[in-house]
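S.K.: Here is the input, now give the coordinates:
(2 chains)
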Amino acid sequence: MELLPTIWFIAIAVLWTGYLFLEGFDLGVGMLMKAFARNNTERRVLLNTIGPVWDGNEVWLLTAGGATFAAFPLWYASLFSALYLPLLVVLVALIFRAVAFEYRGKVDTDRWRARWDWAIALGSFFAAFGVGAALALTTTGLPLNANGDREGGPFAWFSGYAVLGGLAVVGFSLVHALAFLALKTDGEVRHRARQWFVRLLPVLLLPIAAWALSIQFLDGKPWTWAAVLLAVAAAAAAWLLARSGAEGKAFLALGVFLVLGTASIFGAVFPVVLPSTLDGAFDLTISNASSSDYTLGLMSIVAAFGLPLVIAYQAWTYWVFRRRVSAASIPEAHSFLPAVAARAFTTKG
Amino acid sequence: MALIEVPGILSYLAKGDFTTEVKGVNTLLPEYQANYGTHLPDNPIYGERAGQEIDYLPVMEVTYWGFRMMIGFGGLAALAALVALWLTRSGTVPSSPWLMRLAVLGIMAPFGANAAGWIFTEMGRQPFVVAPNPDPNGIDQVFMFTAAAVSPGVSAGELLASLITLTAVYAVLLVVEVKLLVKYVRGGVVSAMPELAHIPADENEDATPGPGGPGGAKPADDVLAFAY
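M.R.: Predicted structure coming up:
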């Protein structure tokens, strides 16, 4: 077994798990802006639960992509080139979502807010769906030739697995967001989030469970089968805990579900990182897709110092913003004052 | 026409010292041909360009004017800053409308310099995507031709689609951004910070308006320092 490529395969699996754990709930909260929140104050409660943390969460997507680029350049090249158009959609979705957070409150009209609420909801949905589709396809394969290039045109990636993976991450993000809102808000929103969580968890986790199971039937190993079964148990525990009102424990149990679920998926496909659906001989593996040991060694040293630092400051962010947000903590709309009021102010001052 | 020559400055711009000879394009062309070949190797990584002759000459109009626009816009921004510094030297705010127009136009100058400079380096680097960086002892073999960097599996249609999409996204956001900027600039400081506005009628009722604006007095245990 090759040590450094294995370490970096695990590192990338950890980064993707971290990304889904963290951005999972903020993508879900974004999607819930339209479906769950009933009025402007509730939308602002939702927005302010993720306001201080969403961009830090998104860094995990960059590091997962960046680590793949540096540690397994051939994996990165084949995956990202084959998925050129879907990843373009993800990029546009992330752009609109990010600016919508900032622009939403800049003009005090319902029409303006509604427009950017749609940008947040749809941006979150397409980002989650696209990331899910890409992750599913890297486990089930793409039509790659001997050179690792996609055969069959811009839409050759499309398959049932792409849809399943997309639905898996969308569904998980929604459940995760409801658990997060129950933990992070107070009052009516908290109560309703817990209700929705209990009601929707069994349905919304079906696609991700189906993905994890189908990977087990394709490449499962005994320990990854065990991980899937434990993951299902963790989901059941999350459901029971939420029913009994233990919001924090329910959130953690759902986190355990995610960690075990992604571990079962990445563990099952190992050592293949991107299978070819044309010919098994063209599969990209941790051996034929990785950088040199020199590069990986250097990256390991940088990561050994950088990763604890990143985790420490991110944990600190969550500590600073640990209080529950409720309708009472939302100030009045930041209404725009016309220049006349401004003049009154300046002549007075 | 008189030629003003500042000795050493180009060398300083290129290498950070005053003695390096900066070679011109006509000198470099044969050197590149000798060092990196006249034709791309017959290797599939170069795609349909494999074996073709290498054109080491970038689009000279773009690089020539790109460099001058970069320096020119940068110089204009610096000049405008100096003019403003001089006119405000006694702590007064000048009332000249022309100076205000210059200040608004000045916002564009660094963006112009950035864009021109970026296009200049990217296009001037061709046909390399990673330009060779020879050390004093010889040729550094770390370089990459752009032809080798093109993704073979991605079609031209996909590239065009992404180019159009991203340009459209940035155009839309530019319109929104400029509209918001104009709106808030016209509204003055209090339009962005309503907590600064004392509306005379309210003054006796609420002596300490909180950051939430009139009526939104900040509770002592405020959860959010900033609310979206």
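S.K.: any weak-confidence spans in chain A?
M.R.: A:1, A:333-349 (pLDDT under 70).
S.K.: Could you list every helix and strand in contact with the helix or strand of chain B with the lowest mean pLDDT?
M.R.: Using mean pLDDT, DSSP states H and E, helix B:189-192 stands out as the lowest-scoring helix or strand of chain B, at a mean of 75. Applying 3 or more Cβ pairs under 8 Å, 6 or more residues apart in numbering or on different chains; DSSP states H and E, one finds that helix B:189-192 contacts helix A:339-348, helix B:156-187. Just so you know, the C-beta spots here come from the backbone N, C-alpha and C atoms, and that holds for glycine as well.
S.K.: Please compute how far that helix lies from its chain's middle.
M.R.: The chain centre lies 29 Å from the centre of helix B:189-192; the measure is Cα atoms, centre = their mean, to the nearest Å.
S.K.: which of the helices and strands packed on helix B:189-192 has the lowest average pLDDT?
M.R.: Here the helices and strands packed on helix B:189-192 differ in mean pLDDT, and the lowest is helix A:339-348 at a mean of 45.
S.K.: which residues in the chain form helices?
M.R.: Using chain A. Counting by DSSP state H, chain A has helices at residues A:3-35, A:40-50, A:54-71, A:73-82, A:84-103, A:110-140, A:160-184, A:188-204, A:206-219, A:222-243, A:247-269, A:293-320, A:339-348.
S.K.: Can you look at chain B instead?
M.R.: Going by DSSP H, chain B shows helices at B:9-15, B:25-36, B:60-87, B:97-106, B:108-124, B:146-149, B:156-187, B:189-192.
S.K.: Give the bridge partners for A:Val272, please.
M.R.: Here A:Val272 sits in beta bridges with A:Thr285, going by DSSP bridges.
S.K.: What residues of the least confident helix or strand of chain B count as buried?
M.R.: Residues B:190-191 are the ones in helix B:189-192 that count as buried (16 or more other Cβ atoms under 10 Å in any protein chain shown).
S.K.: Low-confidence ranges, chain B, go.
M.R.: Applying pLDDT under 70 to chain B flags the ranges B:1, B:134-140, B:194-195, B:197-222, B:225.
S.K.: change it to 50
M.R.: B:201-220 (pLDDT under 50).
S.K.: List the residues that contact A:Gly152.
M.R.: A:Pro143 (Cβ atoms under 8 Å, 6 or more residues apart in numbering or on different chains).
S.K.: before we move on, the earlier item: ranking the helices of chain A by burial, who's on top?
M.R.: Sort these by mean neighbour count, taking mean count of other Cβ atoms under 10 Å in any protein chain shown, and helix A:160-184 sits at the top with a mean of 25.
S.K.: which other helices and strands contact that one?
M.R.: If you count contacts as 3+ Cβ pairs under 8 Å, 6+ apart, helix A:160-184 packs onto helix A:3-35, helix A:40-50, helix A:110-140, helix A:188-204, helix A:206-219, helix A:222-243, helix A:247-269.
S.K.: ok, 7 Å please
M.R.: Judged by 3 or more Cβ pairs under 7 Å, 6 or more residues apart in numbering or on different chains; DSSP states H and E, helix A:160-184 is in contact with helix A:3-35, helix A:40-50, helix A:110-140, helix A:188-204, helix A:206-219, helix A:247-269.
S.K.: ok, the shortest one near chain B or not?
M.R.: Yes: part of helix A:40-50 sits close enough to chain B to count as contact by Cβ under 7 Å from any Cβ of the partner chain, namely A:44, A:47-48.
S.K.: Quick check: the gap between B:Tyr46 and chain A.
M.R.: 13 Å (Cβ to the nearest Cβ, to the nearest Å).
S.K.: Which residue is the nearest non-sequential neighbour of A:Gly220?
M.R.: Of all residues not flanking A:Gly220 in the chain, A:Ala268 sits nearest, at 5.2 Å (Cβ to Cβ, 6 or more residues apart in numbering or on different chains).
S.K.: Looking at the helices of chain A, which is nearest to B:Asp55?
M.R.: helix A:73-82 (25.8 Å; Cβ to Cβ).
S.K.: Let's check: the centremost residue of chain B is which one?
M.R.: In chain B, the residue lying closest to the centroid (Cα atoms, centre = their mean) is B:Asn114, at 2.4 Å.
S.K.: Distance of it relative to B:Leu102?
M.R.: 19 Å (Cβ to Cβ, to the nearest Å).
S.K.: Please apply the same query to B:Thr88.
M.R.: From B:Thr88 across to B:Leu102, the span is 13 Å (Cβ to Cβ).
S.K.: do A:Ser124 as well
M.R.: 43 Å.
S.K.: try B:Lys179
M.R.: 23 Å.
S.K.: Those two: who's more crowded?
M.R.: The neighbour count for B:Lys179 versus B:Leu102, taken as other Cβ atoms under 10 Å in any protein chain shown, is higher for B:Leu102 (15 against 12).
S.K.: you'd agree that one is up against B:Leu79?
M.R.: No: look at B:Leu102 against B:Leu79 with Cβ atoms under 7 Å: they stay out of range, at 9.8 Å.
S.K.: Within range of chain B, give me the residues from the stretch 51-200 of chain A.
M.R.: Contacts of the stretch 51-200 of chain A with chain B, taken as Cβ under 7 Å from any Cβ, map to A:51, A:77, A:81-82, A:84-85, A:88, A:92, A:95, A:99, A:101, A:103-106, A:147, A:149-150, A:154.
S.K.: Good, we can wrap up now.
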